[in-house]
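Q: 3D, please:
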Amino acid sequence: MPKVFFTQPDGTVVAMDGRPGDSVMQTAVRNGVNGIVAQCGGVLSCATCHVLLAEDESDRYPPVSDAEDEMLDCTATDREPTSRLSCQLVLAEGADVHVTVPPEQL
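A: The predicted structure is shown next:
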């Protein structure tokens, strides 16, 4: 079972068990992770599940799509090179993921 490690803006790290095939966003919402608003429910029409993906884990996921790229331009916190929408990060068996929650989502 993959684990998702959420680093909060204050540096606190919260680890959650994820389900293969679920997204990082679904894991966050199911477990009430602070800072992941996920207003659109994962249909790629908002940017309220913005996270910063650990740089050394980016090769595990498909590149940012055009639609995700467009949404990342709308984040409440400035976009960074490792910015991703957590609804687009699908968990795989045996692959933990580390993300940082930005200080603002709205």
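Q: Point out where the chain drops to low pLDDT.
A: Flagging of the chain using pLDDT under 70 yields the residue ranges 106.
Q: Need the residue closest to the centroid of the chain.
A: For the chain, Ser86 is the residue whose C-alpha lies nearest the centre (CA atoms, centre = their mean; 2.6 Å).
Q: My read is that that residue contacts Val24, right?
A: Yes. Ser86 lies in contact with Val24 (CB atoms under 8 Å); the separation is 3.9 Å. (Each C-beta comes from the backbone N, C-alpha and C, glycine too.)
Q: Now list whatever residues contact both of these two.
A: Shared contacts of Ser86 and Val24 (CB atoms under 8 Å, 6 or more residues apart in numbering): 49, 51, 99.
Q: so of these, which ones are in strands?
A: Cross-referencing the shared contacts of Ser86 and Val24 against strands under DSSP state E gives 51, 99.
Q: Of the shared contacts of Ser86 and Val24, select the buried ones using a PyMOL command.
A: Selecting only the buried entries of the shared contacts of Ser86 and Val24 in PyMOL, with 16 or more other CB atoms under 10 Å as the criterion:
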select buried, resi 49+51+99
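Q: so which of the shared contacts of Ser86 and Val24 would you say is closest to Ser65?
A: Closest approach to Ser65 among those (CB to CB): Cys49, at 14.7 Å.
Q: so who does that closest one touch?
A: Here Cys49 is in contact with 24-25, 28, 36-38, 42, 85-87, 105 (CB under 8 Å, 6+ apart).
Q: just the strands in this protein please.
A: For the chain, the strands defined by DSSP E cover 3-7, 13-17, 50-53, 83-85, 97-100.
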